[in-house]
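Q: Show me the folded form of this:
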Amino acid sequence: MKVILLGTAAGGGFPQWNCACAACTSGSPPRTQDSVAFSADGRGWHLLNASPDIRAQILATPALRAGPGPRETPLRTVLLTDAELDHTLGLLMLREAADLTVHAPAAALHALTDHFPARPVIDEYHGWNWLPTTETTLDGLHVTSFPVSDKQPKYARSSPRPGPWVVAYRIHDPSTGGTLVYAPCLHTWPPGFDTFTEGASLVLLDGTFYRGTEFTTTTTADPAAQQAMGHVPITETLPRLAPRPGTTRWAYTHLNNTNPVVDPTGPEHAAVVGAGAEMPPDGTEFIL
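A: Numbering: from 1, shown residues only. Okay, the predicted model is just below:
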C-alpha cells in the first residue's frame, strides 16, 4: 500500500492567513490542510478527507494528476472522518469528477445534506455515491472505522442527529500485511483505541495542539475555545506511544498554526521526536 500525506495542518493551514502568532511569523516550513491519499497499486487512489487545498495538493502530487485520458482521473473514493469544513470543502472542488464514492459517518452525511448542502450541490453536477461508513474493501484493501467522538461541526451543532459524528479509519493491505490508522480528530483517547491501533504499521494521530493551554498562551482566544474544538493535546497522547509489537511508526498530523511543534528547531518538536514519534511534512510518502 502506498500512502501520501497531501497536507498535515489543521483548519486554515500553516501559516494561517489571519494570524500573527509566534509560530505563524517564525518562517517555519508551511503546511496545507490535512488530507491523505492511499493506493493498493499506484493507479487507483483514495482520499482520507478532502481539504480546501485539495486542488493544489493534487497538482503537487504527480500520482494524482489527470490522465491518460483527457478527463480521466485516478481518484476513486473519499473517506471522511467527519463533516468539518476543513475536511469537506474540497468535495466542492472535486465536483466535476464523474464517478466518486464518498464514505462518511451517517451523521456527517446528514450535515452535508441539510446544514452545509454540499451533497445536493454536487449531485447537480454528477451523481456520486454517498454511503454511510461501514466495513468495506477498496481495491483489495480492507477498511474499517472506529467511532472516536460525537463532536458536531459548528454549523450543525443544533442538529439532533445521533452520532457518532467523528471516526478514525484503519486500512489494511492483506498482500503486504501493512496497515494504516488515520485518526486526525481525537477528543480523548477513547476506550478500545489501543486495540484499534494494535499491529498497525503507521498511525497518524491528532496533533492539533501540543498542550491544553495553547490558545491562552499564543492568542487572545477564550480559554474554553480550545477545549470546544475537540482535540486532545499531544502532551496527553505522547506518553501512550510506548513501543508495541507490530507498530513501527507513530506520526502526528493535523497540526494547528499555534502548535509549537511546527518549528523543527523548537524544544516541543524535539520532545515529540525524542519520544519516538514524527511530524512529517506535506508530501511525505510511505510504503506499507
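Q: For the stretch 51-200 of the chain, which segments count as helices?
A: 54-59, 85-88, 90-93, 106-114, 118-123, 193-197 (DSSP state H, counting those that start in this stretch).
Q: which one of these is the most hemmed in?
A: helix 85-88 (a mean of 24; mean count of other C-beta atoms under 10 Å). (C-beta placed from N, C-alpha, C; glycine too.)
Q: any chance of the helices of the stretch 51-200 of the chain in JSON lines, with distance to Thr213 too?
A: Shown next, in JSON lines, are the helices of the stretch 51-200 of the chain (distance: least, C-beta to C-beta, whole Å):
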{"stretch": "helix 54-59", "distance to Thr213": "32"}
{"stretch": "helix 85-88", "distance to Thr213": "23"}
{"stretch": "helix 90-93", "distance to Thr213": "31"}
{"stretch": "helix 106-114", "distance to Thr213": "30"}
{"stretch": "helix 118-123", "distance to Thr213": "34"}
{"stretch": "helix 193-197", "distance to Thr213": "24"}
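Q: Compare those helices and report which one is nearest to Val166.
A: helix 106-114 (8.2 Å; C-beta to C-beta).
Q: For Asn18, find the nearest of the helices of the stretch 51-200 of the chain.
A: helix 85-88 (14.4 Å).
Q: for the record, mean pLDDT for stretch 257-269?
A: The predicted model assigns stretch 257-269 a mean pLDDT of 95.
Q: Equivalent analysis for stretch 96-106, please.
A: 95.
Q: quick one: buried residues of that stretch?
A: 97, 100, 102-106 (16 or more other C-beta atoms under 10 Å).
Q: How about stretch 37-44?
A: 37-40.
Q: Nearest to Gln57 among the residues you listed?
A: Nearest member of the buried residues of stretch 37-44 to Gln57, counting by C-beta to C-beta, is Ala37, at 8.3 Å.
Q: For the strand or helix carrying that closest one, which strands pair with it and how are they oriented?
A: Using DSSP states H and E, Ala37 maps to strand 35-39. Using DSSP bridges, the strands paired with strand 35-39 are strand 2-7 (antiparallel), strand 45-48 (antiparallel).
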